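*Asks:* what follows is a predicted protein model with its sequence.
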Amino acid sequence: MIELVSSSRCVSCDVCVAVCPTNVFDTGPGGIPVIARQGDCQTCFMCEAHCPADALFVAPVTHPVPADSPLRDEEHLAASGMLGSYRREIGWGRGRKPGARLAVGPELGPARITPSAV
Amino acid sequence: MSTLDLTADVVVVGGGPAGTWAALAAAEAGADVILLDKGYCGTSGPTASGGTGVWYVQPEPAEREKAMASREALGGFLQDRRWMGRVLDQTYENMNRLEAEARYPFPIVDGSPYKKGVQGPEYMRRMRSWIRRAGVRILDHSPVTELLVDGTGTVAGVRGHRRQHDTDYRVRAGAVVLATGGCAFLSKALGCDVATGDGALFAAEAGAEMSGMEFSNAYGIAPAFTSVTKTAYYSFATFFRGDGSPLEGAGSQGGRSVIAAELLRSGIVLCSIDQATAEQQEQMRLGQPNFFLPFNRLGIDPFTDRFPVTLLLEGTVRGTGGIRIVADDCATTVPGLYAAGDAATRELICGAFTGGGSHNSAWAMSSGTFAGRGAAAFAVGLGAGARRRKLSGVGGVGIRPDSGGTGVGRREALDVIQRQVHPYDKNYLRHGSRLRPALAHLDSVWDGLRGGVVADGGELPGLRQAAAMVAHARWMYTSAITRTESRGMAHREEFPDQDPNQYHRLAVGGLDRLWTRPESVTGRELAVA
């Protein structure tokens, strides 16, 4: 679920308010959007992908994380490279090569069936 | 509350792949088009947030024959060969246009663009720009709440709510395309929480029928407590019990029910994607960056660690059932109403087996194109009198209740969905003795909703979505109970075999009283025996 709107990074474009398919954000005081309906977040990461300032972070779990979780700690998320990582991986942002250009997955044969002993 | 009044030749409901292709086709046919998305066209739905293969096949007879024949047995031979051919043709054309006109950056493999897949965020943001260039008006965050019909029952518009403006709206239209997606029952499967089966409810209220609703028990594999369902990559996985012993027989395809049974028994299944080579691992990273989000962010190495997995309900998003289509232009049985994408039945190309991935994406862009053209032609055919028709709404639950006062609302409906539709032992591992009581619960909550509260403004869309899910589940279970055999994905524990006497599609419909009707399989004359 969405856990972080970084007020220091946010450029007040309100793109997240527009693009969230489940309407999780409201516009906020001083132009910083607020997470108004976290329970409606479907953990689809689309806000992160569209944020031009890498100001948002979606924890990859479908329930809120505890208040002291590192997944809510901006300093940790920035230092570990996680903040903005999805946008980087799909190659969105100025000067980046679109990830779509490289997106050739592996050939998928018949699925492995787990044997009785491994 | 003020109401925004709009007029269009064609209204498209839903802004995923099917809706955007429908809007594009209608606009190119000269129609004035409004596209309404309950979320945001460009991010809404499972395609935008994920990525998908595409059933893109070179137009050479041998390759096409192989593509059509490859999954016919899996699909219980319910596919229609003529439709498969049409969809292959249209998909080929659309994917080429996506490169030439929307400048989608396909990867280059062996010197040519590789078009057997698309990355969701890139695909859908380009579709949004493309339809805007074509003159389509887009209203985001504008859930439709009901269809409007004229005095003859012809669909002639929609009513809805603009949730970021706290305003209701009404669009008078010559024709309506429903591209609202399938129904995944708010399971939080990736991008699926907007797929609550709304279009099917709207269609049924106007008198349309469903088909193939027994093919609705799709569940996707995801790391436990996450949303990322990318089942295909688990074909490289080994599964284990909580005690570390191998879960014999488990697999992403052909062994998923073993996973469901173990989750029911012990609540835990562990997994390691330990069969992928280094090269395949790298291809997975490039092919689907979103697959790795949970792992990277939770500190899991999926190729060496054992991590817990779950199964998330994908219902008719990856099932094949939906609104019944009765003509090549994706017309429904109701004049003025068209259906495309996951909202429509995909049996015509998938039969009884999951349309997930490449077939669904091909179906979305093709049926969208067919429906958009069909709707534009219908609107033109109405002539100038179309705009003078007297319109009335056909919405039931939440808008025009039977009596009032049962107190059954959204919360109760969602609770019943959670208890009667999500559980693996009811919807996935199906047995009549469990389906029948589950259906009785759903029938009862439906009756409560019908006689229940009236909602308006911002409260109405949520209530209507809950009603749509209950209606969806009732069609699913009614069809599942009627089909006393196992065909494609519709397994019945007590009827494990395919029954030649049930070689037909099943239409289903009704709102208060449900019915089913066998329909002959069409389009088999072209099949190679």
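*Replies:* Nice, I can see it. Residues are numbered from 1 along each chain as shown, chains lettered A, B, ... in the order given.
*Asks:* and stretch B:129-141, how far from the chain's centre?
*Replies:* 22 Å (C-alpha atoms, centre = their mean, to the nearest Å).
*Asks:* same thing with stretch B:484-500?
*Replies:* The chain centroid and the centroid of stretch B:484-500 are separated by 23 Å, computed with C-alpha atoms, centre = their mean.
*Asks:* try stretch B:487-505
*Replies:* Put simply, stretch B:487-505 sits 22 Å off its chain's centre (C-alpha atoms, centre = their mean).
*Asks:* what ranges does chain A have for its helices?
*Replies:* All helices of chain A, identified by DSSP state H, fall at A:15-19, A:46-50, A:74-79, A:85-89.
*Asks:* now those helices as CSV including mean pLDDT, mean neighbour count and distance to A:I35?
*Replies:* Where you see a C-beta, it was placed from the backbone N, CA and C, and this is true even at glycine. Output for the helices of chain A, formatted as CSV (pLDDT from 0 to 100; neighbours: other C-beta atoms under 10 Å in any protein chain shown; distance: least, C-beta to C-beta, whole Å):
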stretch, mean pLDDT, mean neighbour count, distance to A:I35
helix A:15-19, 98, 20, 10
helix A:46-50, 98, 25, 10
helix A:74-79, 97, 14, 14
helix A:85-89, 96, 20, 18
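*Asks:* any low-confidence regions in chain A?
*Replies:* Along chain A, segments meeting pLDDT under 70 are nowhere present.
*Asks:* please, where are all the strands along it?
*Replies:* Using DSSP state E, the strands of chain A run over A:2-5, A:25-26, A:34-35, A:56-58.
*Asks:* which one of those is the most hemmed in?
*Replies:* Each of the strands of chain A was scored by mean neighbour count; the highest is strand A:56-58, a mean of 25, by mean count of other C-beta atoms under 10 Å in any protein chain shown.
*Asks:* other residues contacting that one?
*Replies:* A:1-6, A:16, A:41, A:43, A:45, A:47-48, A:71-72, A:74, A:77, A:82-83, A:86 (C-beta atoms under 8 Å, 6 or more residues apart in numbering or on different chains).
*Asks:* gap between B:R324 and B:A208?
*Replies:* Going from B:R324 to B:A208 by C-beta to C-beta, to the nearest Å gives 7 Å.
*Asks:* what touches both of these two?
*Replies:* B:332-333.
*Asks:* what ranges do the strands span in the stretch 351-500 of chain B?
*Replies:* With DSSP state E, counting those that start in this stretch, the ranges of strands along the stretch 351-500 of chain B come out as B:392-393.
*Asks:* could you list the low-pLDDT ranges of it?
*Replies:* Applying pLDDT under 70 to the stretch 351-500 of chain B picks out residues B:356, B:404-405.
*Asks:* so which helix or strand takes in B:A200?
*Replies:* Element membership of B:A200 [criterion: DSSP states H and E] is helix B:198-206.
*Asks:* for the helix or strand bottoming out on mean pLDDT in chain B, packing partners?
*Replies:* Of all helical and strand segments in chain B, the minimum by mean pLDDT, DSSP states H and E falls on strand B:51-53, at a mean of 90. Contact here means 3 or more C-beta pairs under 8 Å, 6 or more residues apart in numbering or on different chains; DSSP states H and E; on that basis strand B:51-53 packs against strand B:117-119, helix B:358-382.
*Asks:* quick one: average pLDDT of whichever helix or strand comes after the first one?
*Replies:* Tracing the chain C-terminally past strand B:117-119 and defining elements by DSSP H and E, one meets helix B:120-133 next. For helix B:120-133, mean pLDDT rounds to 98.
*Asks:* helix or strand for B:A276, which one?
*Replies:* Per DSSP H and E, there is no helix or strand for B:A276.
*Asks:* look up how far B:A237 lies from it.
*Replies:* 9 Å.
*Asks:* go on, A:V34?
*Replies:* Counting by C-beta to C-beta - A:V34 and B:A237 are separated by 39 Å.
*Asks:* burial of B:S252, as a residue count?
*Replies:* By the criterion of other C-beta atoms under 10 Å in any protein chain shown, B:S252 has 24 neighbours.
*Asks:* now it: phi and psi?
*Replies:* Here is the backbone geometry of B:S252 (degrees, to the nearest 10): phi -70, psi -30.
*Asks:* name the nearest residue to it, sequence neighbours excluded.
*Replies:* Counting by C-beta to C-beta, 6 or more residues apart in numbering or on different chains, the nearest residue to B:S252 once its immediate chain neighbours are dropped is B:Y234, at 3.6 Å.
*Asks:* need the three-state assignment for the one you found.
*Replies:* helix (DSSP: H, G, I helix; E, B strand; the rest coil).
*Asks:* could I get the helices of chain A as TSV with distance to B:G50?
*Replies:* TSV is the format used below for the helices of chain A (distance: least, C-beta to C-beta, whole Å):
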stretch	distance to B:G50
helix A:15-19	16
helix A:46-50	10
helix A:74-79	23
helix A:85-89	13
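*Asks:* could I get those as JSON lines with distance to chain B?
*Replies:* Shown next, in JSON lines, are the helices of chain A (distance: least, C-beta to the nearest C-beta, whole Å):
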{"stretch": "helix A:15-19", "distance to chain B": "5"}
{"stretch": "helix A:46-50", "distance to chain B": "4"}
{"stretch": "helix A:74-79", "distance to chain B": "9"}
{"stretch": "helix A:85-89", "distance to chain B": "4"}
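*Asks:* now do the strands in the stretch 151-300 of chain B.
*Replies:* B:155-162, B:167-178, B:210-211, B:218-223, B:238-241, B:269-272.
*Asks:* closest to B:Q79 out of those strands?
*Replies:* Closest approach to B:Q79 among the strands of the stretch 151-300 of chain B (C-beta to C-beta): strand B:210-211, 12.9 Å.
*Asks:* so what does that closest one touch, helix or strand wise?
*Replies:* Checking 3+ C-beta pairs under 8 Å, 6+ apart, strand B:210-211 ends up next to strand B:322-323, strand B:505-509.
*Asks:* looking at those strands, which is buried most?
*Replies:* A comparison of the helices and strands packed on strand B:210-211 by mean neighbour count, using mean count of other C-beta under 10 Å, puts strand B:322-323 on top with a mean of 32.
*Asks:* what pLDDT, on average, does that one get?
*Replies:* 98.
*Asks:* run the chain-centre distance for it.
*Replies:* Centroid separation for strand B:322-323 versus its chain: 9 Å, with C-alpha atoms, centre = their mean.
*Asks:* contacts only, for B:G336.
*Replies:* Contact analysis of B:G336 by C-beta under 8 Å, 6+ apart lists B:149, B:154-156, B:174-176, B:378.
*Asks:* can you rerun that using 7 Å?
*Replies:* By C-beta atoms under 7 Å, 6 or more residues apart in numbering or on different chains, the residues touching B:G336 are B:154-156, B:175-176, B:378.
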